[in-house]
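A.B. asks: below are the sequence and a predicted model for it; my questions follow.
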Amino acid sequence: MAPLKIGTLCLPHGLLLAPMAGVADTSFREICRALGAEYTVSEMVSAKALCFEQRARGNAPVRTAALANITQKESPMAVQIFGREPQYMAEAARLIAEGSYRGAVQAAPPAAIDINMGCPVPKVVSNGEGSALMREPELAADIVRAVKDAVKIPVTVKIRAGFSNDNKNAPEMARMLEAAGADLICVHGRTRQQFYAPYSDNGIIAAVKRAVSIPVVGNGDLNSGADAIRMLEETDCDGLMIARGALGNPWLFAEVQAALAGREYEAPDVETRLAQALAHAADMVERKGARVGLPEARKHMVWYCKGLRGAAAARGALMQAESLEGVRLVFDELLAQNV
């Protein structure tokens, strides 16, 4: 597998962490980078909200801007924006690329602007955004063109196989986006209609790869090193974007790297898993405060426990834990059951 090039970047294994709203925050992105991800993408940023936030008077809060913040440890990182108005998408992209927006905290510059054309969530789709743009390829191309004209860094796009199961138009869409200036296309092998139901279609990723000359990254059902090898063999894609497979298992990137190199992979032991989980929760609390950070960390803690003896009982206790000490006590008991 040749290295994946995104602008001036060269990713040896082409391993990207997917943007996942409410999940892949700074804490998780930094962990995945440390454990083998070569590139990360922010949670999705509303272009219109960012633009309007900048125009607010006085000391109005800048909540949206925080989603575009970049730390050194999670770089290289793209910032993903979503919307349907080319003018707002272009303005938001320019602000982010230049780091010139109010509330900007960029320890490193964004590696790219990523455009979300794949989100299946109803409140996004109902506004004609995210995967709804799969139904409007001309508008989608206009958005890419406007963003490309506004920034000097790479512009990438994340799409789905199509909006509905009877109209998998990803190859045609990809050609239009390439013509509009897109530097890379990432394809999730499901339609919006499928949401996250089984199974992701590697065939549509392969069709997109044949349709364009820019790099194509595959996404969907990447849960093991074997899955990664299978996707590469079946699609000839240039890179792999890992999403839900890394939840509770950020070591998946190391597993994929081992598979690509033909090496045996040794999974972390239970003690290592639970220590990483506790460190993850502690980092979220430090960044967001206990009132926000701990509730948001609970789902991650449950994911880390998946497959362990006593995980069902631990799940209930973790969802009730009111402090990091409470989480640690649950993990101590879980560890005792799994030594």
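C.D. replies: Received, thanks.

A.B. asks: please name the nearest non-neighbouring residue to Pro120.
C.D. replies: Arg192 (4.7 Å; CB to CB, 6 or more residues apart in numbering). Every C-beta, even on glycine, is put in place using the N, C-alpha and C of the backbone.

A.B. asks: and the one you found, what pLDDT?
C.D. replies: For Arg192, the pLDDT comes out at 95.

A.B. asks: ranges for the helices of the stretch 151-300 of the chain?
C.D. replies: Remark: helices assigned in the stretch 151-300 of the chain by DSSP state H, counting those that start in this stretch are 170-180, 202-211, 225-235, 252-261, 270-288, 290-305.

A.B. asks: just send those back as JSON lines, with mean pLDDT too.
C.D. replies: Formatted as JSON lines, the helices of the stretch 151-300 of the chain follow (pLDDT from 0 to 100):
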{"stretch": "helix 170-180", "mean pLDDT": "98"}
{"stretch": "helix 202-211", "mean pLDDT": "98"}
{"stretch": "helix 225-235", "mean pLDDT": "98"}
{"stretch": "helix 252-261", "mean pLDDT": "97"}
{"stretch": "helix 270-288", "mean pLDDT": "97"}
{"stretch": "helix 290-305", "mean pLDDT": "96"}
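
A.B. asks: and those as JSON lines, adding mean neighbour count and distance to Met319?
C.D. replies: Formatted as JSON lines, the helices of the stretch 151-300 of the chain follow (neighbours: other CB atoms under 10 Å; distance: least, CB to CB, whole Å):
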{"stretch": "helix 170-180", "mean neighbour count": "21", "distance to Met319": "38"}
{"stretch": "helix 202-211", "mean neighbour count": "20", "distance to Met319": "36"}
{"stretch": "helix 225-235", "mean neighbour count": "18", "distance to Met319": "29"}
{"stretch": "helix 252-261", "mean neighbour count": "20", "distance to Met319": "24"}
{"stretch": "helix 270-288", "mean neighbour count": "18", "distance to Met319": "13"}
{"stretch": "helix 290-305", "mean neighbour count": "18", "distance to Met319": "5"}
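
A.B. asks: is it possible to export the ones you listed to JSON lines including distance to Gly162?
C.D. replies: Shown next, in JSON lines, are the helices of the stretch 151-300 of the chain (distance: least, CB to CB, whole Å):
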{"stretch": "helix 170-180", "distance to Gly162": "6"}
{"stretch": "helix 202-211", "distance to Gly162": "8"}
{"stretch": "helix 225-235", "distance to Gly162": "16"}
{"stretch": "helix 252-261", "distance to Gly162": "27"}
{"stretch": "helix 270-288", "distance to Gly162": "35"}
{"stretch": "helix 290-305", "distance to Gly162": "29"}
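
A.B. asks: of all those helices, which one is nearest Ile242?
C.D. replies: Go through those one by one with CB to CB and the one that ends up closest to Ile242 is helix 252-261, at 6.0 Å.

A.B. asks: ok now do the closest residue to Tyr196 other than its chain neighbours, which residues does it touch?
C.D. replies: In space, not counting the residues next to it along the chain, Tyr196 is nearest to Arg190; the distance is 6.9 Å by CB to CB, 6+ apart. Taking CB atoms under 8 Å, 6 or more residues apart in numbering as the contact definition, Arg190 lies against Arg160, Ala161, Tyr196, Ala197, Ser200, Asp201, Gly220.
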